[in-house]
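Q: Sequence below, structure please.
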Amino acid sequence: MAFSKNLNENEMFLKQQLPIEKSFDIIFRPIMIGGKNAFYISIDGLSKDETILRIFQVIQGETAFESLSSLQRFLQTKISYLECELTENPQDAIRLILSGALLIMIDGFDSAIILDTRTYPTRSPEEPDLEKVTRGARDGLVETIVFNTALIRRRIRDPRLIYEMHTVGSSSQTDVAVGYINGLADPNLLDHLRDSLNTLNTDALLMGEKTLEELLIKKRWYNPFPQAKFTERPDVAAAHLLEGHVIVLVDNSPTAMLFPATMFHFTQHSEDYYQNPLVGTYTRWIRFFAMMICLFFAPIWLCIAQNPHLAPNWLQFMIPQEAEALPLFAQLLIIELGMEILRMASIHTPSGLSTAMGIIGGLLLGQFAIDVKILQPESVLFMAFTGLATYAVPSVEFGLALRIYRIFFLLLTGLLGLWGLLGGIAVFFIVLLTTRSFSGLRYTWPLIPFDGKALSNVLIRKPIIEVKRNNKS
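A: Purely as a prediction, here's the structure:
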């Protein structure tokens with residue numbers, strides 16, 4: 001269906017499709033433009049009132065315009081606003097109205113004038129809480145997609161940087177932007193991503209980029225590993241674009257998705273590149289060590305404590321000497337549960353009370369549990385050490401995946417001993433080796449399949465000039 005040249009028919013159609021006169025925020029007003037009947041429709045709160053007022057000061061009135069014989073000519077001579085277009089498709093017009101654009105229809109024309117006068121409530125681009133750095137930029141992505149593309153464009157003034165706009169969700173009609181640098185991004189990945197976005201069947205992206213990720217990536221329930229990297233920092237998004245990655249920005253979300261993503265992408269942090277290369281390499285290796293502690297330390301200690309004959313003499317001090325009130329693996333699971341509750345409570349606790357909550361949860365409850373012989377001091381100490389290591393993982397999603405496997409290891413070790421631990425580790429590596437990124441790249445690249453140059457860049461924080469030289473060679 002297309003618009004009619006009869007203004008009354010177009011008015012009746014739009015009133016059938018939109019809750020005009022029922023919803024207070026949809027503004028409909030008949031006007032005169034160049035001596036012809038017309039009307040406009042806009043959404044209150046999503047359009048720039050001052051801009052609309054200035055436009056109508058020029059075009060509104062009973063005086064005929066010579067240029068009004070052609071809408072294209074009318075736009076060229078009377079509409080000075082930068083972002084304007086004509087559309088003959090009513091569905092496109094309705095979608096643009098609901099996103100905040102101004103629609104103008106004039107009697108005798110079967111096209112609508114669309115002025116992109118959108119303005120969205122937004123916050124300032126503050127530094128993300130999850131990706132803080134000691135030095136570096138303090139701006140972060142916000143909930144407005146146009147602001148986010150501008151923050152990244154400001155860092156990459158390359159004409160090859162392209163943003164493609166897509167619309168996802170039959171009800172939400174959410175704007176989704178795919179950003180890439182032409183010539184660097186993988187064409188097969190781009191084609192796969194475009195096809196996936198165009199064929200998605202969903203009502204709305206209720207949780208923004210997370211909902212989109214679950215729709216794009218079909219994964220098995222038992223695999224907790226994230227297959228897309230998320231960032232709220234525009235400098236991180238820009239760096240990945242220059243490495244050939246593709247970013248996906250979702251309107252109403254302050255997070256960019258990065259494709260492709262392997263497990264080693266979740267071990268890097270922007271802090272590495274704001275420090276001296278040697279310092280960056282040191283912190284990166286400390287992070288690798290913390291990830292190993294997060295995953296294996298508690299299960300291995302439990303295995304040693306249950307089987308003292310497996311421990312060499314220099315590790316005998318780690319074996320509890322007191323009688324156990326509860327089985328050791330039950331103690332560790334209780335502490336694990338307590339830390340998870342503490343983490344969830346910290347998210348929902350007002351910032352002014354978070355310190356008190358931390359003292360109660362971390363100190364008093366732990367100490368009282370030891371005093372009443374529910375827990376042993378070694379269990380609390382080693383699980384606290386493990387919990388600290390978990391928060392050293394820069395990616396929240398990857399850290400939670402490691403935590404899930406740690407609980408899995410604890411259960412198997414507590415029930416089956418050494419063989420349970422070995423079996424759990426075997427399952428872990430099988431899942432790791434069989435996982436692939438969105439582009440089909442193995443999750444363990446560049447270790448498996450082996451790429452020495454890429455692996456060296458992962459393990460060692462090299463000077464920027466050397467990394468660029470390696471990428472060009």
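Q: isn't residue 120 right next to residue 45, touching?
A: No: counting by CB atoms under 8 Å, residue 120 stays clear of residue 45, with 9.0 Å between them. In this view, the C-beta of every residue, glycine as well, is placed from N, C-alpha and C.
Q: Same drill for those two, tell me which one is more crowded.
A: Shown here are residue 120 and residue 45; by other CB atoms under 10 Å, residue 120 has more neighbours (16 against 12).
Q: Backbone torsions only: list them for the more buried one.
A: phi -110, psi 140 (degrees, to the nearest 10).
Q: Please report the distance of residue 4 from residue 38.
A: With distances taken as CB to CB, to the nearest Å, residue 4 is found 14 Å from residue 38.
Q: more neighbours, those two?
A: residue 38 (20 against 16).
Q: contacting residues around the more buried one?
A: 7, 30-32, 104-107 (CB atoms under 8 Å, 6 or more residues apart in numbering).
Q: hmm, try it at 6 Å
A: For residue 38, the contacting residues are 31, 106, by CB atoms under 6 Å, 6 or more residues apart in numbering.
Q: a strand runs through it, doesn't it?
A: Yes: when classified by DSSP: H, G, I helix; E, B strand; the rest coil, residue 38 is found to be part of a strand.
Q: would you list every one of the strands in the stretch 151-300 of the chain?
A: Under the criterion DSSP state E, counting those that start in this stretch, the stretch 151-300 of the chain contains strands at 161-168, 174-181, 229-231, 246-250, 256-259.
Q: what's the burial count for the residue nearest to residue 155 when sequence neighbours are not counted?
A: Distances taken as CB to CB, 6 or more residues apart in numbering place residue 238 nearest to residue 155, at 4.1 Å, with adjacent residues excluded. For residue 238, the count of nearby residues is 21 (other CB under 10 Å).
Q: Please verify my assumption that residue 238 contacts residue 154.
A: No: if you go by CB atoms under 6 Å, residue 238 and residue 154 don't touch, sitting 8.7 Å apart.
Q: avg pLDDT for the helix or strand where residue 433 lies?
A: Using DSSP states H and E, residue 433 falls within helix 418-434. If you average the pLDDT over helix 418-434, you get 93.
Q: Just checking the distance from that helix to the centre of its chain.
A: Distance of helix 418-434 from the chain centroid (CA atoms, centre = their mean, to the nearest Å) equals 29 Å.
Q: What of stretch 407-418?
A: 33 Å.
Q: For stretch 263-282, which outside residues touch it?
A: In contact with stretch 263-282 (CB under 6 Å, 6+ apart) are residues 133, 135-136, 229, 236, 284, 394-395, 398, 443, 458, 460-461, 463.
Q: What mean pLDDT does whichever helix or strand comes after the helix holding residue 433 get?
A: Moving toward the C-terminus from helix 418-434, the first helix or strand encountered (DSSP H and E) is helix 452-459. Per-residue pLDDT over helix 452-459 has a mean of 84.
Q: Just the buried residues of helix 452-459, please?
A: Judged by neighbour count (16 or more other CB atoms under 10 Å), helix 452-459 contains these buried residues: 454, 457-459.
Q: and of those residues, the nearest to residue 311?
A: Nearest to residue 311 among these: residue 459, at 30.5 Å, using CB to CB.
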